[in-house]
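Engineer: The sequence and its predicted three-dimensional model are supplied below.
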Number of protein chains: 2
Amino acid sequence: MIIIITGNGKGKTTSSIGQIIRALGHNQKVCLIQLFKGENFYGEQNILTKLEGLDFFSFAKEHPFCFKKISKEQTTEKCNEAINKIKEIINNNHYDLIVLEEFNIAVRDGFIENSTLIDLAKKLSEKSTVMITGRGATEDLIEIADLVSEVKEIKHPYTKGIQAKKGIEF
Amino acid sequence: MIIIITGNGKGKTTSSIGQIIRALGHNQKVCLIQLFKGENFYGEQNILTKLEGLDFFSFAKEHPFCFKKISKEQTTEKCNEAINKIKEIINNNHYDLIVLEEFNIAVRDGFIENSTLIDLAKKLSEKSTVMITGRGATEDLIEIADLVSEVKEIKHPYTKGIQAKKGIEF
């Protein structure tokens, strides 16, 4: 099964974290591969690293649009490392759930080919449920998915100039 | 701050669970008040009950639309117990985040008055971030909220007749 959580609203990453907690609660084996999430910044990282049954990998921690010292080439390289990790998993896949966090962003911003992500998702889904998050899921990815939710922003305090809040946005 | 996660798509409860994990990861104090979620059924319950910093209360575990032996009067009574618990919290509120899980459903199905939920949310939000989940958030609730996300169902395997999957839907 392939699940996509996309859209411009708040709740995509937290939804994938909740999904991981749900699966772990049934003693399932879970793998989280995260892109663009700085270390020791998001609160959930402190809990997830301690949970049994979860393998947690993080690549391309800094997105070049946010960190000017990071080049697009460096990010593409880091995303390739993530792709290689996924290929390793495909060869020896023992997970119930595999979460590819922010991979839609990697495709949107040109660090991963759309066709590559689709191919990896299909292969992973032969043995696992695959959840892919991030705004801007492509039509082709939605086409091959079994379950797609779009998280729409109806109202957000950012638009009133209110800053990101610890424990809420990170 | 008041946050609403509503809509007909998959990802609302998992989003609130992820939000709780995020806040706990920053050593924040969190309270989860859950409606209509049977015990030892949802995987996340097994993890949440073990996490430090979280107070977890569950009321009206069986919704009368799903369990015919439960009357609407019994459910209203159980929802009133949840309301009383929230009033207790308001009098001694030391939480960073309070999650009211499926309370939109309780309002939609007539077990809690819309005006009661709005009043409780406002009072809780004086000291805490309040997150309210469930499909069918009322316009009045959305009006007083700071952040609203609508999780829209784009595609769901239920519509193809595929059954709920352990670790995914529960």
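Structural biologist: Thanks, I have it. Numbering: from 1, shown residues only, chains lettered A, B, ... in the order given.

Engineer: Contacts only, for residue A:141.
Structural biologist: With contact taken as CB atoms under 8 Å, 6 or more residues apart in numbering or on different chains, residue A:141 is in contact with A:4, A:104, A:107, A:114, A:117, A:118, A:121, A:132. Heads up, the C-betas are built off the backbone N, CA and C, glycines and all.

Engineer: Repeat the analysis, applying 10 Å as the threshold.
Structural biologist: Going by CB atoms under 10 Å, 6 or more residues apart in numbering or on different chains, residue A:141 touches A:2, A:4, A:6, A:103, A:104, A:107, A:114, A:117, A:118, A:121, A:132, A:148.

Engineer: Export the longest strand anywhere in chain A to PDB, keeping only CA atoms.
Structural biologist: Counting residues, the longest strand in chain A under DSSP state E turns out to be strand A:147-155. Output in PDB follows, covering the C-alpha atoms of strand A:147-155 (Å, rounded to 0.1, in the frame of the first residue of the first chain):
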ATOM      1  CA  LEU A 147      -4.500   6.400  -0.100                       C
ATOM      2  CA  VAL A 148      -4.000  10.100  -0.600                       C
ATOM      3  CA  SER A 149      -4.900  12.900   1.900                       C
ATOM      4  CA  GLU A 150      -4.400  16.600   1.100                       C
ATOM      5  CA  VAL A 151      -3.900  18.700   4.200                       C
ATOM      6  CA  LYS A 152      -5.300  22.100   3.300                       C
ATOM      7  CA  GLU A 153      -4.400  25.300   5.100                       C
ATOM      8  CA  ILE A 154      -7.700  27.000   6.100                       C
ATOM      9  CA  LYS A 155      -6.100  29.400   8.600                       C
END
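
Engineer: With respect to residue A:60, which of the contacts of residue A:141 is nearest?
Structural biologist: residue A:103 (10.5 Å; CB to CB).

Engineer: Just the pLDDT for the residue lying closest to residue A:38 once chain neighbours are set aside.
Structural biologist: Beyond its immediate neighbours in the sequence, the residue positioned closest to residue A:38 (CB to CB, 6 or more residues apart in numbering or on different chains) is residue A:61, lying 5.1 Å away. For residue A:61, the model assigns a pLDDT of 92.

Engineer: any chance you could map the strands in chain A?
Structural biologist: A:2-6, A:30-35, A:54-59, A:97-101, A:129-133, A:147-155.

Engineer: And for residue A:113, the neighbour number?
Structural biologist: If you count neighbours by other CB atoms under 10 Å in any protein chain shown, residue A:113 ends up with 13.

Engineer: related to what we said a few turns ago, and the longest strand of chain A, what's its mean pLDDT?
Structural biologist: What strand A:147-155 shows for mean pLDDT is 97.

Engineer: who does it pair up with?
Structural biologist: strand A:2-6 (parallel), strand B:147-155 (antiparallel) (DSSP bridges).

Engineer: so of those strands, which one's packed in deepest?
Structural biologist: strand A:2-6 (a mean of 26; mean count of other CB atoms under 10 Å in any protein chain shown).

Engineer: buried ones in the lowest-mean-pLDDT helix or strand in chain A?
Structural biologist: When the helices and strands of chain A are scored by mean pLDDT, DSSP states H and E, helix A:43-48 comes last with a mean of 94. By 16 or more other CB atoms under 10 Å in any protein chain shown, the buried positions in helix A:43-48 come out as A:43, A:44, A:45, A:47, A:48.

Engineer: I'd like to know how far the nearest residue to residue A:124 once chain neighbours are set aside sits from residue B:1.
Structural biologist: Once flanking residues are discounted, residue A:124 sits nearest to residue A:130: 4.6 Å by CB to CB, 6+ apart. Residue A:130 sits 33 Å away from residue B:1, going by CB to CB, to the nearest Å.

Engineer: Could you do residue A:80 as well?
Structural biologist: In terms of CB to CB, residue A:80 sits 39 Å off from residue B:1.

Engineer: Also residue A:161?
Structural biologist: Separation of residue A:161 from residue B:1 (CB to CB): 14 Å.

Engineer: Looking at those two, which one has more neighbours?
Structural biologist: Neighbour count, other CB under 10 Å: between residue A:161 and residue B:1, residue B:1 has more, with 15 against 6.

Engineer: And the pLDDT for the residue nearest the centre of chain A?
Structural biologist: With distances taken as CA atoms, centre = their mean, the residue of chain A nearest its centroid is residue A:101 (0.4 Å). What the model reports for residue A:101 is a pLDDT of 97.

Engineer: contacting residues for it?
Structural biologist: Applying CB under 10 Å, 6+ apart to residue A:101 gives the contacts A:5, A:12-13, A:16-17, A:20, A:32-37, A:57-58, A:131-134.

Engineer: Give me the pLDDT value at the residue lying closest to residue A:58 once chain neighbours are set aside.
Structural biologist: What sits nearest to residue A:58 in space, not counting adjacent residues and going by CB to CB, 6+ apart, is residue A:34, at 4.5 Å. Note on residue A:34: pLDDT of 96.
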